[in-house]
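Novice: sequence isn't available, so here's the structure alone:
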Ligand SMILES: Nc1ncnc2c1ncn2[C@@H]1O[C@H](COP(=O)(O)OP(=O)(O)OP(=O)(O)O)[C@@H](O)[C@H]1O
């Protein structure tokens, strides 16, 4: 189910503004890859190019190749809606649909795909997804209550359950803990650790300790200068990136000397 991603010579634009330049990276399956770097260097932009969310913005486009297990995401015959189903995303702020119940939230992706299913099948998906997201025990007696009634950390796990209910191949997470308290953050980090046995996970984080704790490889992005596009400076095993990076800018950023 989990798939690897190969990015070649990727340039990412907002109209004619080149936001991210010349990214080459391989993201392995069943591992966590962290994107770190100072504000504005294009981490979120690059993340959104990995499931064709970027082009939702008017004028936004990419050049280059993104292959998922060898399949070109930007090939003309690719349906972007289908791409986004296979490559799920969890955002910074938990965003359950406020008028939907907990179980309806989990099933929202299936309903969007207008998939018809029996009640028993739907119940199984709800239970399985909530179990995988580590939320089942806390919500099993109130599945019909609104998702918005949960705590922030529970809402984020509900969003993770919603993302995995459609059995994606990749899970993209854009600062998934930045709105959460330390305990909820630690629960989500444990969950990321468990999910990587089944999924390819990419996480954008400003939290260096978090990158060090959850990821197997780390990619450091930076701007060459003001008004310049973001670039991938260095990619390596997380332990090496934190202990002994090759690039002085990586070391300076990790040590908190800028950004
Ligand atoms: N919708 C948009 N339209 C035009 N430019 C944008 C848009 N979103 C982002 N940008 C620009 O693209 C560049 C990269 O932004 P992006 O948000 O990807 O960086 P980031 O590294 O994720 O930053 P942060 O860590 O602050 O979230 C920045 O110069 C930003 O101003």
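Specialist: Received it, and whenever you're ready, just let me know what you need. Predicted model, so just to flag it, every value in this text is computed and none were measured.

Novice: all contacts plus neighbour counts: C-alpha atoms, from now on.
Specialist: Noted.

Novice: give me the spatial nearest neighbour of residue 85, chain neighbours excluded.
Specialist: Nearest residue to residue 85 in three dimensions, chain neighbours excluded: residue 168, at 6.3 Å (C-alpha to C-alpha, 6 or more residues apart in numbering).

Novice: next one: residue 106
Specialist: In space, residue 106 is closest to residue 162, 4.2 Å off (C-alpha to C-alpha, 6+ apart).

Novice: now do the contacts for residue 15.
Specialist: 58-61 (C-alpha atoms under 8 Å, 6 or more residues apart in numbering).

Novice: 6 Å - rerun?
Specialist: Residues near residue 15 by C-alpha atoms under 6 Å, 6 or more residues apart in numbering: 59-60.

Novice: cool, residue 205 as well?
Specialist: If a contact means C-alpha under 6 Å, 6+ apart, then residue 205 has 36, 175 as its contacts.

Novice: so where is this protein shaky, pLDDT-wise?
Specialist: Counting by pLDDT under 70, the ranges of the chain that qualify are 112-115.

Novice: re the thing from before, pretty sure the residue nearest to residue 85 contacts residue 86?
Specialist: Yes. Using C-alpha atoms under 6 Å, residue 168 is in contact with residue 86, at 4.3 Å.

Novice: wasn't the residue nearest to residue 85 part of a helix?
Specialist: No. In this structure, residue 168 is coil, not part of a helix, as judged by DSSP: H, G, I helix; E, B strand; the rest coil.

Novice: spell out which parts of the stretch 1-150 of the chain neighbour the ligand.
Specialist: Residues of the stretch 1-150 of the chain found near the ligand (C-alpha under 6 Å from any ligand atom) are 14, 19, 38-45.

Novice: which element is residue 74 on?
Specialist: According to DSSP states H and E, residue 74 maps onto no helix or strand at all.

Novice: picking up where we left off before, ok, residues contacting the helix or strand containing the residue nearest to residue 106?
Specialist: Taking DSSP H and E as the definition, one finds residue 162 inside helix 152-165. Helix 152-165 has contacts (C-alpha under 6 Å, 6+ apart) with 88, 94, 106, 129-130, 133, 180, 184.

Novice: what about it, distance to the chain center?
Specialist: Relative to its parent chain, helix 152-165 has a centroid offset of 12 Å by C-alpha atoms, centre = their mean, to the nearest Å.

Novice: and if you look at stretch 154-172?
Specialist: Relative to the centre of its chain, stretch 154-172 is centred 10 Å away, using C-alpha atoms, centre = their mean.

Novice: and stretch 229-236, by the same measure?
Specialist: 18 Å.

Novice: again, but for stretch 145-160
Specialist: 18 Å.

Novice: flag every buried residue along that stretch.
Specialist: Neighbour counts over stretch 145-160 (16 or more other C-alpha atoms under 10 Å) mark 145-148, 150, 152-160 as buried.

Novice: which of the residues of the stretch 1-150 of the chain next to the ligand fall within helices?
Specialist: If you go by DSSP state H, these have 43-45 in helices.

Novice: out of those, who's nearest residue 10?
Specialist: When these are ranked by distance to residue 10 (C-alpha to C-alpha), residue 45 comes first, at 11.6 Å.
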